[in-house]
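Visitor: I would like to see how this sequence folds:
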Amino acid sequence: MITLEMMPPLMFGGLVLAMLIGFPVAFTLAAVGLSFGFLAIHLGFFDLNFLQAIPGRIFGSVLANDLLLAIPFFTFMGAILERCGLAEDMLDSMGQLFGPIRGGLGYSVIIVGFILGAITGTVAAQVIAMAMISMPVMMRYGYNMRYITGVLAASGTITQLVPPSLVLIVLADQLGKSVGDMYLGAWGPSIFQVILFAGYTFVLGLVKPGHLPPVPKEARTLTGWALWKKCLMGIIPSAVLIFVVLGTMMMGLATPTEAGAMGAVGAIVLAVIHHKEFTKSDRSILIVGVVAAGIGTIVAMLFTENLVFKLSFAITYLAVAWLCIRATAIPDLRDLIKQGYETTMRITCMVTFILIGSTCFSVVFQGVSGGEWLEHLLTSLPGGVWGFLIFINIFIFFLAFFLDFFEIAFIILPMIAPIAQKILAPVVGPEAALIWFGVMLCVNMQTSFLHPPFGFALFYLRGVAPKEVKSSDIYWGAMPWIGLQAIMVLLVIAFPVTVTGLLDKPVQVDLDKVKIEVPQIDLPPLDFGQPKQ
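Guide: Modelled structure (predicted):
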């Protein structure tokens with residue numbers, strides 16, 4: 001006889017078994033959830049009316065969720081930017097800028113990976129683009145093969161952590177926290193991770209200088225102002241787009257969905273700017289639009305929103321509209337936009353179906369007291385808070401061998417989030433607890449793209465690498481970078497301030513000292529007049 005206490009572990013076991021068969025995760029979740037739901041009804045743990053919560057939650061919390069509307073916008077932005085030529089220009093200019101120093105091409109890959117991560121948010125395109133551009137150059141100048149494959153794969157995964165990452169949006173939604181706070185919390189670890197990667201490159205250049213030789217002087221085609229100009233032409237538009245997307249969100253001027261929409265339009269504008277058919281008249285219109293936006297911003301800061309402010313931004317909108325029209329008139333960019341739509345549709349549909357399946361599973365899991373079973377299991381771990389964090393991170397690390405980050409976020413996170421809030425609140429406070437936890441898991445889930453057997457970044461790299469690159473070099477090359485990411489996880493656990501340092505400090509209110517004072521109002525005496533006779 002199956003008891004109520006046996007149902008939660010049986011559901012977990014059934015889910016793992018169904019996934020090992022290879023059935024799509026979204027349908028596996030729904031099938032396992034509904035199967036155990038009908039079994040629970042048969043055994044009398046709850047009645048059929050309980051399952052009415054599933055469509056209610058799907059239509060009320062999933063399909064009507066405004067926050068998840070940001071996912072297609074950011075996906076479209078990344079799909080456009082990954083193919084518009086921005087990566088090629090930045091890698092070429094950065095490679096020549098850092099080329100004279102030992103390991104310079106490695107530094108350029110790390111820095112460009114960080115910048116592209118802040119404007120694209122997609123791992124696959126980033127790894128493929130950087131590998132196709134940088135791998136032949138690094139091989140030509142005698143870089144160690146395992147370092148080449150490792151730095152290219154690892155720099156592509158930085159995009160998982162750097163805002164506006166899709167992972168952070170999903171984590172914010174599943175944890176019930178603000179996307180802006182999740183982005184603020186992720187900046188510290190993402191910058192520290194870049195420093196770790198650059199530090200490893202620097203040390204390797206000292207220990208094994210032959211692995212990271214400098215680029216010969218005769219191979220550097222740009223010097224002086226021409227080189228700096230090319231670098232700035234790649235960095236400044238990217239920085240403007242980063243501000244439009246992240247700055248407006250963190251300043252409270254736009255919601256995540258609105259920021260994503262502006263980012264999608266900004267990506268089309270960047271694609272036009274980097275295209276070879278970008279004419280002088282287009283450049284003049286762009287300059288007029290930028291100047292008008294600057295004037296409008298200054299007027300808004302110094303004065304009220306008057307007629308000058310409205311006219312300035314009207315000119316800016318017209319300039320942006322003209323550049324978007326130019327994008328549809330250029331055949332290459334028109335095809336690029338179409339491909340972006342297709343990519344966005346596929347990813348959005350995948351996320352929606354996984355959410356529907358995970359809703360079916362989680363409702364039934366809660367109905368058979370799975371929450372209480374999981375809470376008892378995790379709170380009884382030895383080591384208290386630190387034991388809980390170490391266990392969860394090891395569990396997520398090995399789970400990422402087989403599951404994508406979307407699947408981990410939608411299946412595992414809703415179950416452990418309430419427990420994490422209860423355990424971590426005494427350490428960093430109730431407001432920052434889930435932000436710390438979410439960013440920590442985001443750092444951890446980066447490894448899912450690097451470690452075998454299903455390290456997708458390694459598969460992408462294998463697909464575009466020349467035949468002389470051995471698969472063993474790709475896998476062994478990733479190992480040091482997985483170690484660096486594991487060190488970053490330990491740093492986030494040991495020093496929560498790396499996440500919470502940029503968050504708003506909670507306002508402490510002592511309720512015993514709160515006084516409510518009612519102001520005294522002196523009213524004139526009322527004159528009702530003489531009574532009538």
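
Visitor: in the top helix by length along the chain, what's buried?
Guide: Using DSSP state H, we find that the single longest helix of the chain is helix 331-367. Across helix 331-367, burial judged by 16 or more other CB atoms under 10 Å covers 333, 336-337, 340, 343-344, 347-348, 351-367. C-beta coordinates here come from the backbone N, C-alpha and C atoms, glycine included.

Visitor: measure the residue nearest the centre of the chain to Val269 for me?
Guide: Nearest to the mean C-alpha position of the chain, counting by CA atoms, centre = their mean, stands Ser165 at 1.6 Å. Ser165 sits 22 Å away from Val269, going by CB to CB, to the nearest Å.

Visitor: Pro237 too?
Guide: Shown here: Pro237 relative to Val269, a distance of 8 Å by CB to CB.

Visitor: quick one: name whatever helix or strand follows the lowest-mean-pLDDT helix or strand in the chain.
Guide: One helix or strand of the chain scores below all others by mean pLDDT, DSSP states H and E: helix 86-98, with a mean of 71. Counting by DSSP states H and E, the next helix or strand C-terminal to helix 86-98 is helix 104-119.

Visitor: which strands and helices sit next to that next one?
Guide: For helix 104-119, the packing partners by 3 or more CB pairs under 8 Å, 6 or more residues apart in numbering; DSSP states H and E come out as helix 70-81, helix 86-98, helix 123-140, helix 145-157, helix 179-207, helix 224-242.

Visitor: of all those, which lies closest to Val32?
Guide: helix 70-81 (24.7 Å; CB to CB).

Visitor: residue ranges with poor pLDDT in the stretch 401-533 of the chain?
Guide: Applying pLDDT under 70 to the stretch 401-533 of the chain flags the ranges 402, 452-454, 504-533.

Visitor: need the helices for it, in chain order.
Guide: Using DSSP state H, counting those that start in this stretch, the helices found in the stretch 401-533 of the chain span residues 405-411, 413-428, 433-445, 456-464, 471-494, 497-500.

Visitor: so the longest helix of the chain versus helix 70-81, what angle?
Guide: Put simply, helix 331-367 runs at 150 degrees to helix 70-81, going by axes from the mean of the first three to the mean of the last three CA atoms, to 10 degrees.

Visitor: could you pull up the mean pLDDT of helix 331-367?
Guide: Averaged over helix 331-367, pLDDT sits at 85.

Visitor: which other helices and strands does it contact?
Guide: Counting by 3+ CB pairs under 8 Å, 6+ apart, helix 331-367 packs on helix 7-21, helix 25-43, helix 53-57, helix 70-81, helix 256-273, helix 307-329, helix 405-411, helix 413-428.

Visitor: can you tell me which of those helices is packed in deepest?
Guide: Comparing the helices and strands packed on helix 331-367 by mean neighbour count (mean count of other CB atoms under 10 Å), helix 70-81 ranks first with a mean of 26.

Visitor: off-centre distance for that helix?
Guide: Computed by CA atoms, centre = their mean, to the nearest Å, the chain-centroid distance of helix 70-81 equals 12 Å.

Visitor: now the angle from it to helix 123-140?
Guide: Calculated by the same axes, to 10 degrees, helix 70-81 forms an angle of 30 degrees with helix 123-140.

Visitor: okay, helix 70-81 in PDB with CA atoms only?
Guide: The C-alpha coordinates for helix 70-81 follow below in PDB (Å, rounded to 0.1, in the frame of the first residue of the first chain):
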ATOM      1  CA  ALA A  70      10.400  40.300 -21.300                       C
ATOM      2  CA  ILE A  71      11.800  36.900 -22.500                       C
ATOM      3  CA  PRO A  72      10.800  37.200 -26.200                       C
ATOM      4  CA  PHE A  73      12.100  40.800 -26.300                       C
ATOM      5  CA  PHE A  74      15.600  39.900 -24.900                       C
ATOM      6  CA  THR A  75      15.700  36.800 -27.000                       C
ATOM      7  CA  PHE A  76      15.000  38.800 -30.200                       C
ATOM      8  CA  MET A  77      17.600  41.400 -29.200                       C
ATOM      9  CA  GLY A  78      20.300  38.700 -28.800                       C
ATOM     10  CA  ALA A  79      19.300  36.900 -32.000                       C
ATOM     11  CA  ILE A  80      19.800  40.200 -34.000                       C
ATOM     12  CA  LEU A  81      23.100  41.200 -32.300                       C
END
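
Visitor: circling back: is the residue nearest to the centre of the chain in contact with Gly117, as I believe?
Guide: Yes - using CB atoms under 8 Å, Ser165 makes contact with Gly117 at a distance of 7.4 Å.

Visitor: quick one: common contacting residues for these two?
Guide: Taking CB atoms under 8 Å, 6 or more residues apart in numbering as the contact rule, Ser165 and Gly117 both touch Thr159.

Visitor: between the helices of the stretch 401-533 of the chain, which gets nearest to Gly156?
Guide: Taking these one by one with CB to CB, helix 456-464 is closest: 5.4 Å.

Visitor: low-confidence ranges, the stretch 1-150 of the chain, go.
Guide: If you take pLDDT under 70 as the line, the stretch 1-150 of the chain has these spans: 85, 87-89, 91, 95, 120-122, 124-125.

Visitor: go again with 80.
Guide: 1-2, 16, 19-26, 60-68, 78-79, 81-100, 115-134, 137, 140-141 (pLDDT under 80).

Visitor: returning to that earlier point: can I get the helices and strands packed on helix 104-119 in TSV including distance to Trp481?
Guide: What follows is these, written out as TSV (distance: least, CB to CB, whole Å):
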stretch	distance to Trp481
helix 70-81	22
helix 86-98	19
helix 123-140	12
helix 145-157	4
helix 179-207	7
helix 224-242	24
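
Visitor: restrict the host helix or strand of Ile169 to CA atoms and write it as CSV.
Guide: Assigned by DSSP H and E, Ile169 belongs to helix 166-175. Presented in CSV, the C-alpha positions along helix 166-175 are these (Å, rounded to 0.1, in the frame of the first residue of the first chain):
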residue,chain,number,x,y,z
LEU,A,166,17.5,35.5,-19.6
VAL,A,167,18.5,33.2,-16.7
LEU,A,168,18.3,36.1,-14.3
ILE,A,169,14.8,37.0,-15.6
VAL,A,170,13.6,33.5,-15.1
LEU,A,171,15.1,33.2,-11.6
ALA,A,172,13.6,36.5,-10.6
ASP,A,173,10.2,35.3,-11.7
GLN,A,174,10.5,31.9,-10.0
LEU,A,175,11.8,33.4,-6.8
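
Visitor: how far does it sit from the chain's center?
Guide: 8 Å.

Visitor: for that helix, which positions count as buried?
Guide: Buried residues in helix 166-175 (16+ other CB under 10 Å): 166-175.

Visitor: how about stretch 282-289?
Guide: In terms of neighbour count (16+ other CB under 10 Å), stretch 282-289 has its buried residues at 282, 285-286, 289.

Visitor: just those: which are in helices?
Guide: Those of the buried residues of stretch 282-289 lying in helices (DSSP H): 282, 285-286, 289.

Visitor: Met6 and Ile392, how far apart?
Guide: 24 Å.

Visitor: compare these two and say which is more crowded by neighbours.
Guide: For Met6 versus Ile392, the count of surrounding residues by other CB atoms under 10 Å is larger for Ile392: 21 against 12.

Visitor: contacting residues for that one?
Guide: Counted by CB under 8 Å, 6+ apart, Ile392 has contacts 378, 416, 420, 441.
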